[in-house]
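Novice: My questions concern the predicted model and sequence given below.
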Amino acid sequence: EADIYQTPRYLVIGTGKKITLECSQTMGHDKMYWYQQDPGMELHLIHYSYGVNSTEKGDLSSESTVSRIRTEHFPLTLESARPSHTSQYLCASSRSPGNEQFFGPGTRLTVL
Amino acid sequence: GENVEQHPSTLSVQEGDSAVIKCTYSDSASNYFPWYKQELGKRPQLIIDIRSNVGEKKDQRIAVTLNKTAKHFSLHITETQPEDSAVYFCAASRGNTGFQKLVFGTGTRLLVSP
């Protein structure tokens, strides 16, 4: 079934650790996005990608980095996690030239 | 850049009443306006969208209206049910040209009481 998958769903980690949040989609979409969202609050775009080898920073400054080596895969990495990174991270994708964005289930990150 | 304002931030209604959520946008070039519903602990899901070439779109109990001149659009939910309780987000983008970045509103928490 076509969907967007995120792992892990929940992550509790100590300050200073390096983490990678995984996002994969089987939708056949070329555009992918990462949003940061505190529960029930506004969605903030932190990274996006037009396609393979294309990545851009979003509206909200983030210390994370992303890569897009394969069309279906868009991982997000934090080199040194801090308590301020505690949030929910949502991955999304869309087809070109359509606009509808489909969201993954999210990763809830807690940094102690 | 685009700025989207959404009101109210919270809305409480009785089951069976109607609910209206309003959004305004700043970029006159925006032409795609989706609405997402996010239930507690779940991912945002598209419930309805409208493009700038139409003024209204309906899907069963939900409808969206668009006023391009005033640059505002609204979500209307009729005959509300407890399962409509969620956070609703409006968004706007230029769509189909270049990068399809969605700019989201700040969300409306809708509570439908039985």
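Specialist: Arrived safely, thanks for sending.
Novice: doesn't residue B:77 make contact with residue B:84?
Specialist: Yes: counting by CB atoms under 8 Å, residue B:84 touches residue B:77, with 5.9 Å between them. C-beta: built from backbone N, CA, C; applies to glycine.
Novice: ok, the two, which is more surrounded?
Specialist: Neighbours were counted for residue B:84 and for residue B:77 using other CB atoms under 10 Å in any protein chain shown; residue B:77 has more, 23 against 20.
Novice: Look up which residues are beta-bridged to that one.
Specialist: In this entry, residue B:77 is beta-bridged to residue B:19, residue B:62, by DSSP bridges.
Novice: How about the residues of chain A by chain B?
Specialist: A:31, A:40-43, A:45, A:48, A:50, A:56, A:58-59, A:90, A:94, A:96-106 (CB under 8 Å from any CB of the partner chain).
Novice: Where strands are concerned, which of the residues you listed count?
Specialist: A:31, A:45, A:48, A:56, A:90, A:94, A:102, A:103 (DSSP state E).
Novice: residues touching the third one, list them.
Specialist: Residue A:48 makes contact with A:31, A:32, A:33, A:34, A:55, A:56, A:58, B:99, B:101 under the criterion CB atoms under 8 Å, 6 or more residues apart in numbering or on different chains.
Novice: now, which of these sits nearest residue A:19?
Specialist: For these, the residue nearest residue A:19 by CB to CB is residue A:34; the value is 13.5 Å.
Novice: which residues touch the closest one?
Specialist: Residues near residue A:34 by CB under 8 Å, 6+ apart: A:23, A:45-48, A:58, A:64, A:66, A:74, A:76, A:89-92.
Novice: quick one, what contacts the spatially closest residue to residue A:22 that is not a sequence neighbour?
Specialist: Computed as CB to CB, 6 or more residues apart in numbering or on different chains, the closest residue to residue A:22 that is not its neighbour in sequence is residue A:7, at 4.7 Å. Listed by CB under 8 Å, 6+ apart, the contact partners of residue A:7 are A:21, A:22, A:107.
Novice: one step back: which of the residues of chain A next to chain B are buried?
Specialist: Among those, those classed as buried by 16 or more other CB atoms under 10 Å in any protein chain shown are A:31, A:42-43, A:45, A:48, A:50, A:58, A:90, A:94, A:99-106.
Novice: For chain A, which residues score under the pLDDT cut-off?
Specialist: Where chain A drops to pLDDT under 70, the residues are A:97-98.
Novice: Residues in a beta bridge with residue 11, which ones?
Specialist: Using chain A here. Applying DSSP bridges to residue A:11, the residues it is bridged with are residue A:109.
Novice: My question was about chain B, not that one.
Specialist: Beta-bridge pairing for residue B:11 (DSSP bridges): residue B:110.
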